[in-house]
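Undergrad: Next come a sequence and a model predicted from it.
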Amino acid sequence: MKGRTRPAGRRHRGFTLLEVLVALAIVAIALGAGLRAAGVLTDNAARLADVVAAQWCAENELTALRISRVFPGVGEADFSCEQLGRSYPGQLVTRPTPNPNFRRVDAVVKDSEGRPLLTLSTVLPRP
């Protein structure tokens, strides 16, 4: 029996092992980048929700000061706010201005670790 040989015009079709490994490496890198991007988007969405809730807290505290029509004394006062089922600690910092008939009030809202999330400022007049 003679050895089998391929006809001269036909070539074996398919991928070599090296080509398959290179393709797998490219797919693995692309999937890793996609997972990282998805993780970053999730972190950003959570951060945005915290900042929005912190802004609501700060606006509520500053609005309460405006409504009370009390001229605040210079100093600091702590507050706590509940938004979206979470508690946000905060601090009202009142400072004098060059005009004694006005006070600057900064509402600083922090996250659970005590890092500032947002600072919102206003100027209150003497009633």
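TA: Thanks, I have it.

Undergrad: tell me, how many neighbours does the spatially closest residue to Cys81 that is not a sequence neighbour end up with?
TA: Distances taken as C-beta to C-beta, 6 or more residues apart in numbering place Cys57 nearest to Cys81, at 3.5 Å, with adjacent residues excluded. Just so you know, the C-beta spots here come from the backbone N, C-alpha and C atoms, and that holds for glycine as well. When counting by other C-beta atoms under 10 Å, one arrives at 25 neighbours for Cys57.

Undergrad: So Cys57 is in contact with Pro89, correct?
TA: No - counting by C-beta atoms under 8 Å, Cys57 does not reach Pro89; the two are 9.4 Å apart.

Undergrad: May I have the secondary structure class of the residue nearest to Cys81?
TA: Look at Cys57: counting by DSSP: H, G, I helix; E, B strand; the rest coil, its state is helix.

Undergrad: and it, what is it in contact with?
TA: Going by C-beta atoms under 8 Å, 6 or more residues apart in numbering, Cys57 touches 81, 83, 88, 90, 107, 109.

Undergrad: just Glu61 next, same as before
TA: Under the criterion of C-beta under 8 Å, 6+ apart, the neighbours of Glu61 are 79, 81, 90, 92, 107.

Undergrad: repeat that with 6 Å
TA: Listed by C-beta atoms under 6 Å, 6 or more residues apart in numbering, the contact set of Glu61 reads 79, 107.

Undergrad: Angles on the backbone of it, please.
TA: Main-chain torsions, Glu61, degrees, to the nearest 10: phi -70, psi -40.

Undergrad: Do you know the pLDDT at it?
TA: Looking at Glu61, its pLDDT reads 95.

Undergrad: mind checking how far it is from Pro100?
TA: 23 Å (C-beta to C-beta, to the nearest Å).

Undergrad: which SSE is the residue nearest to the spatial centre of the chain in?
TA: Closest to where the C-alpha atoms of the chain average out (C-alpha atoms, centre = their mean) is Arg47, at 2.4 Å. Using DSSP states H and E, the element containing Arg47 is helix 17-68.
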